[in-house]
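[1] Attaching a predicted model along with its sequence, questions to come.
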Amino acid sequence: MSGHSKWATIKHKKGAADAKRGKIFTRLIKEITIAAKSGGGDPDGNPRLRTAILAAKAENMPADNIKRAVQRGTGELEGLSYDEITYEGYGPGGVAIIVDVLTDNKNRAVSEIRHAFSKNGGNLGAEGAVSWMFSKKGVFSIEKDAANEDKLMELVLESGAEDLNDEGEYWEILSDPKDFEAVSEALKTAKIKTETAEVTKIASTYTRLEGTQANAMMRLLETIEDLDDTQNVYSNFDFDEAQMVG
């Protein structure tokens, strides 16, 4: 199972257990707002906004919250102005990390990100240091008992998805970001429940860590994830899931 899939499913389980819905909503609202600001408030003509609204609906966000976020982005309602910043760096063992930030205070954001890295055995790098290792993909994780391989392969071929991978307890479907919505709809129509569904960045190669280094890397990722300004965290960290979960 790829490092990305393991980390995504662990986060999903922890998020459900910790009931971090408020934080999830905050991130989704910020993404909807910035998407509407940069590309307009009509989802039909704004793919980024369409994807953000789809993600919000998947988390059962009320329609009024979505509408207000769009209106803040288009300027119909007053709201904070956010800057988009991407930081790149390295964790323990040289693991590559990308952090997407949406912030109303750049100085606070960089200070908190730098502190998180240095406190947990990592360091910030220059722009372009690790981004060349990642590509943007739609990723869907589906529990093995939710659908069989033949049915999923048929869905992959018909919906325009790129690949179907066996990831242990899960099936993983990969798509081009522009086909994310089509694949989502195909899964919904087929009544196949996804454990996670997101447009994310996937690494071309993974760095496997064990023992204290793996634990330090897990702490670093969790520290960055918990920062208010953090939108997304991507890494090429791979690990033994039994060690982490146990």
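    Structure's in. What do you need?

[2] Next, give phi and psi for the residue nearest to residue 106 when sequence neighbours are not counted.
    Leaving out its chain neighbours, the residue that sits closest to residue 106 by Cβ to Cβ, 6 or more residues apart in numbering is residue 83, at 5.7 Å. Yep, even glycine has a C-beta here, placed from its N, CA and C like the rest. Torsion angles at residue 83 (phi, psi; degrees, to the nearest 10) stand at phi -100, psi 140.

[3] Residue 83 and residue 100 touch, don't they?
    No - Residue 83 sits out of contact with residue 100 when judged by Cβ atoms under 8 Å, with a separation of 11.6 Å.

[4] Can you pick out the residue with more neighbours from those two?
    Per other Cβ atoms under 10 Å, whichever of residue 83 and residue 100 has more neighbours is residue 100, with 16 against 13.

[5] Confirm that that one sits in a helix.
    No - note on residue 100: no helix contains this position according to DSSP: H, G, I helix; E, B strand; the rest coil, which reports strand.

[6] How about the contacts made by it?
    With contacts defined as Cβ atoms under 8 Å, 6 or more residues apart in numbering, the neighbours of residue 100 are 84-86, 230-234.

[7] can we see that at 10 Å?
    31, 84-87, 201, 229-234 (Cβ atoms under 10 Å, 6 or more residues apart in numbering).

[8] still on that earlier bit, who touches both of residue 83 and residue 100?
    What both residue 83 and residue 100 touch, as defined by Cβ under 10 Å, 6+ apart, is the set residue 229.
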